[in-house]
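J.: structure, please.
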Amino acid sequence: MSKFLKTLVIAPIALVLLAFAVANRHLVMVSFNPFDSADASLALTLPLFIVIIAAAIIGVIAGGIATWVGQRHWRRSSRRHEAEAYEARQRLAELTARIPQVSGERFGPGAAVPAGPYPGSLPAIGQDKPQDKPGAAL
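T.: Here you go, the predicted structure:
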């Protein structure tokens, strides 16, 4: 399917470029001397379509480089966040590996750790959330 889509996109572009090349075959002189454009020592004589297509290719490459340089902040940030996530996964694996040892010692093998009233614990199923003191002001 992707070959068909590539052909569907590339074929019309190729036809347009071919028609453009046939219509712009005359020769032009491209001078690289900013002070004397008539100086032939620093000039090239090329068909117009090559000059225009080459300018478009150079523009696309320059735009890609400018975008890549402009996104360096996001790439750096992504690498930093990826390293932090890796460290968090390692710490989680370390803590997870320690949980069965603790629960096995305290509650027997295969037993789940019961929900309890210790700080940070969630209420057991069917138990209401802890309520504020009655009459407490915010």
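
J.: tell me which residue lies nearest the centroid of this protein.
T.: residue 75 (7.7 Å; C-alpha atoms, centre = their mean).

J.: tell me the pLDDT at it?
T.: At residue 75, the predicted lDDT confidence score is 93.

J.: try residue 97
T.: If you check residue 97, the pLDDT there is 85.

J.: so it is in which element?
T.: helix 72-107 (DSSP states H and E).

J.: lowest average confidence, helix or strand, in this protein?
T.: The weakest-scoring helix or strand in the chain, judged by mean pLDDT, DSSP states H and E, is helix 72-107 (a mean of 84).

J.: for this protein, give me the ranges with low pLDDT.
T.: Within the chain, the stretches falling below the threshold (pLDDT under 70) are 100-138.

J.: try it again at 50.
T.: Filtered on pLDDT under 50, the chain yields the residue ranges 103-104.

J.: where exactly do the strands run in it?
T.: Counting by DSSP state E, the chain has these strands, from start to end: 27-31, 43-47.

J.: give me the neighbour count for residue 95.
T.: 9 (other C-beta atoms under 10 Å). Quick note: C-beta positions are derived from backbone N, CA and C, even for glycine.
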